[in-house]
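1. Take a look and give me a structure for this.
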Amino acid sequence: MKFRFILALAVAIGGVCASYAQCCNERAAQCCAGESSVTVGAARLDSYLPVLKGKRVALFSNHTGMVGDKHTLDLMLENGVNVAMIFSPEHGFRGTADAGEHVSSSVDPVTGIKIASLYDGGKRGPSADTMNALDVIAVDIQDVGLRYYTYYCTMIDLMNAAAKHGKQVVVLDRPNPNGMYVDGPILDMKYSSGVGRLPIPVVHGMTLGELAQMANGEGWLKDGAKVDLTVVPCTGYTHSTRYKLPVAPSPNLREMKAIYLYPATCYFEATPVSLGRGTDFPFLAYGHPDMTDRKFEFIPRSVPGAKNPPQLDKLCKGVDLRDISDEDAIARGVDLSFLIDAYNDPGISKEGFFRDFFEKLIGRGDIRRMIQEGKSASEIKATWADDVKRFRAQRKPYLLYAE
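-> This next block holds a predicted model:
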């Protein structure tokens, strides 16, 4: 059965990034490889159908769960898997809801399968009644490898529920487009939230399958529980692979450059500064009506996926990031220079610039003060070098792919 509405709504990124004929910046990638050489876990039916057959399966996925032009849901149904329920994350099963927008549960109009939203009011994980109606949770969703990107948080919630109720979890792994490096501070767990569920750096460099193994192995699930976990790895992927996403993972991460800049730009979400939501270039610009001596201008509008963006209908003056190369974007990693530039703009009010959400994004309580005291981005980055070194050693036993 063709998953028609998913195909209609998926936002293709193909063609955004050119193929690379030479080796890239060492930190960005060590070899030239793209999505064409990678086989995602969901395509390896022989590896997971025997685990799912004869069981009541809940599929955690959204519009990114594609194998070629077919959704994983279709593949499972065509091969006799009893998909009893669909779990959907932030942005909904179709991937069109705004960031943070509550998404109600519904029914898939093509298959008639119930869709249980896991982003409909702040509750973490499915109910006991829901868990009792299934035997195994299959995970197939495209993450982007950032600690504050919520898809992995929902996976952890499902692992917690599965461990509590004695259910299996099967992760059909997909590459991490930011899997080439590790950067940023490890989350201080007193700032644990819906945008930070594990003590990991901002850029952890792991796939969802690897992260699931680490959460299980390190005792990070609730009360140190262990879940019955199976990971179906990708083939043809390493952590030096430059993997270009075939489908945009969420409404405002439409291009690979935005995904590569995401570790350096997302902190504006905790300020009044616009990140270009409501324009044709979300996460590829920043600006504010009060910024001074800026030649670049834009006006955020209400559009699907950004119904009420920051600075709606106001003329913003700021910086266009679209001319930054992919290599430079990756090499920057967690770079606070954009944020510091906006904070230091003489037209911007310092009072109320940072909201409490900033600590949840950056993961530590001292970085706001460093910015306010005038520390440079490089000085601040140096403070988490030990975190990066320690985490790289800690994660090594759980890696499925060569570094």
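
2. so where do the strands sit in this structure?
-> In the chain, the strands defined using DSSP state E lie at 56-61, 66-67, 70-71, 82-88, 106-107, 114-117, 136-140, 168-172, 228-232, 285-288, 296-298, 316-320.

3. and the fifth one, what does it pack onto?
-> Yep, that's strand 106-107 we're talking about. Strand 106-107 sits against strand 114-117, with contacts defined as 3 or more Cβ pairs under 8 Å, 6 or more residues apart in numbering; DSSP states H and E. Placement of C-beta: from N, CA and C, glycine included.

4. Tell me, please, the helix or strand in this protein that averages the lowest pLDDT.
-> Sorting the helices and strands of the chain by mean pLDDT, DSSP states H and E puts helix 4-9 at the bottom, at a mean of 35.

5. low-scoring stretches of this structure, by residue?
-> Residues of the chain meeting the criterion pLDDT under 70: 1-36, 90-105, 119-124.

6. Please pick out the residue of it most distant from its centre.
-> The outermost residue of the chain relative to its centre, with distances by Cα atoms, centre = their mean, is Asp293 at 34.0 Å.

7. Contacts made by stretch 283-290 with the rest, please.
-> Contact with stretch 283-290 is made by 252-253, 255, 257-258, 261-262, 265-266, 268, 272-276, 279, 294, 296-298, 311, 314-322, 338, 342, 345, 347-349, as judged by Cβ atoms under 8 Å, 6 or more residues apart in numbering.

8. Just the buried positions in that stretch, please.
-> Phe283, Leu284, Ala285, Tyr286, Gly287, His288, Pro289 (16 or more other Cβ atoms under 10 Å).

9. And for stretch 313-320?
-> Residues of stretch 313-320 classed as buried: Cys316, Lys317, Gly318, Asp320 (neighbour count, 16+ other Cβ under 10 Å).

10. show me the contacts for Ser274.
-> By Cβ under 8 Å, 6+ apart, Ser274 lies in contact with Phe268, Ala285, Tyr286, Gly287, His288, Phe298, Pro300, Pro309, Pro310, Gln311, Cys316, Gly318.

11. and if we set it to 10 Å?
-> Neighbouring residues of Ser274 by Cβ atoms under 10 Å, 6 or more residues apart in numbering: 268, 282, 285-289, 298-300, 309-312, 314, 316, 318.

12. do Asn160 as well
-> By Cβ under 10 Å, 6+ apart, Asn160 lies in contact with Arg124, Gly125, Arg197, Ala215, Trp220, Leu221, Lys222, Asp223, Ala225, Val227.

13. I only care about those residues that end up buried; give me the ChimeraX line for that.
-> Buried members of those can be picked out in ChimeraX with the line below, counting by 16+ other Cβ under 10 Å:
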select :125,197,215,220,221,227
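
14. Include distance to Asp173 when you put the contacts of Asn160 into TSV, please.
-> Below are the contacts of Asn160 laid out as TSV (distance: Cβ to Cβ, whole Å):
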residue	distance to Asp173
Arg124	23
Gly125	21
Arg197	19
Ala215	14
Trp220	18
Leu221	19
Lys222	23
Asp223	26
Ala225	22
Val227	16
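
15. and of the contacts of Asn160, the nearest to Val136?
-> Using Cβ to Cβ, Val227 is the member of the contacts of Asn160 that lies nearest Val136, at 10.9 Å.

16. Just to check, the closest one is in contact with Gly219?
-> No - contact between Val227 and Gly219 fails when scored by Cβ atoms under 10 Å: they sit 11.6 Å apart.

17. My read is that Phe354 contacts Lys360, right?
-> No - judged on Cβ under 10 Å, Phe354 makes no contact with Lys360 at a distance of 11.4 Å.

18. mind listing what the residue farthest from the centre of the chain touches?
-> Lys317, Asp345, Pro346, Gly347.

19. possible to save those as TSV with distance to Gln168?
-> Shown next, in TSV, are the contacts of Asp293 (distance: Cβ to Cβ, whole Å):
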residue	distance to Gln168
Lys317	53
Asp345	52
Pro346	58
Gly347	56
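
20. Can you flag the buried ones in the residues you listed?
-> Buried among those (16+ other Cβ under 10 Å): Lys317, Asp345.

21. Looking at the contacts of Asp293, spot the one nearest His204.
-> Closest to His204, out of all of those and judged by Cβ to Cβ, is Asp345, at 31.5 Å.

22. Next, count neighbours for the nearest residue to that closest one once chain neighbours are set aside.
-> Nearest residue to Asp345, sequence neighbours excluded (Cβ to Cβ, 6 or more residues apart in numbering): Met291, at 4.8 Å. Using other Cβ atoms under 10 Å, Met291 is surrounded by 21 other residues.

23. Could you check how far Met291 is from Met159?
-> Remark: distance between Met291 and Met159 (Cβ to Cβ, to the nearest Å) = 43 Å.
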